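Chemist: Predicted model and sequence follow; I will ask about them next.
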Amino acid sequence: MDASSSPQLDRLAGPRRGSALTIDVDGEPIPCFAGETIAVAILTVRSWISQDAVRRRGLYCGIGVCFECVVAVEGVPGIRACITLVHEGMFVQTRLDAEIDA
Ligand code: FES
């Protein structure tokens, strides 16, 4: 019996991922998968999501309520990384105190 013939065994086969893609985070290419959020993509390569002049910020609620994870996407600030899905070539800025380039 292969994993595709049984829902129970299918779960044991591991997570299914969307297609592989790359986003740009502060000029660094980060590999990720379609269907993941920006937060997941960033947290695969480091332990924090964004930073300002005072501190680094991470994931707090993870459901879009607290705004702890805000980043700028394509020059638009205030985007919650925990509820925003990645797309190929997405440009993310995580320095909250940096000037936003449109
Ligand atoms: S972690 Fe709370 S809004 Fe993203």
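Modeler: Happy to help now that I have it. Numbers count the residues shown, from 1 in each chain.

Chemist: need the contact list for the residue nearest to Ala20 when sequence neighbours are not counted.
Modeler: Leaving aside its sequence neighbours, Ala20 sits nearest to Phe33 (C-beta to C-beta, 6 or more residues apart in numbering; 5.9 Å). C-beta here means a position set from N, CA and C on the backbone, and glycine is covered the same way. Applying C-beta atoms under 8 Å, 6 or more residues apart in numbering to Phe33 gives the contacts 17-21, 86.

Chemist: distance of Phe33 from Thr94?
Modeler: 20 Å (C-beta to C-beta, to the nearest Å).

Chemist: Show me the strands in the chain, by range?
Modeler: Using DSSP state E, the strands assigned to the chain run over residues 20-25, 28-33, 50-51, 56-57, 70-73, 76-80, 91-93.

Chemist: neighbours around the spatially closest residue to Phe67 that is not a sequence neighbour, how many?
Modeler: Computed as C-beta to C-beta, 6+ apart, the closest residue to Phe67 that is not its neighbour in sequence is Arg80, at 6.3 Å. As a burial measure, Arg80 scores 22 neighbours (other C-beta atoms under 10 Å).

Chemist: Wait, Arg80 touches Cys69, no?
Modeler: Yes: here Arg80 reaches Cys69: they are 5.7 Å apart, a contact under C-beta atoms under 8 Å.

Chemist: Give me the distance between Gly58 and Pro31.
Modeler: The span separating Gly58 from Pro31 equals 20 Å under the rule C-beta to C-beta.

Chemist: what's in contact with stretch 69-78?
Modeler: Under C-beta under 8 Å, 6+ apart, the answer for stretch 69-78 is 38-39, 49-50, 57-60, 67, 79-82, 84, 90-94, 96, 100-102.

Chemist: When Gly58 and Pro31 are compared, which one has more neighbours?
Modeler: Taking other C-beta under 10 Å, Gly58 and Pro31 do not tie; Gly58 has more neighbours (19 against 11).
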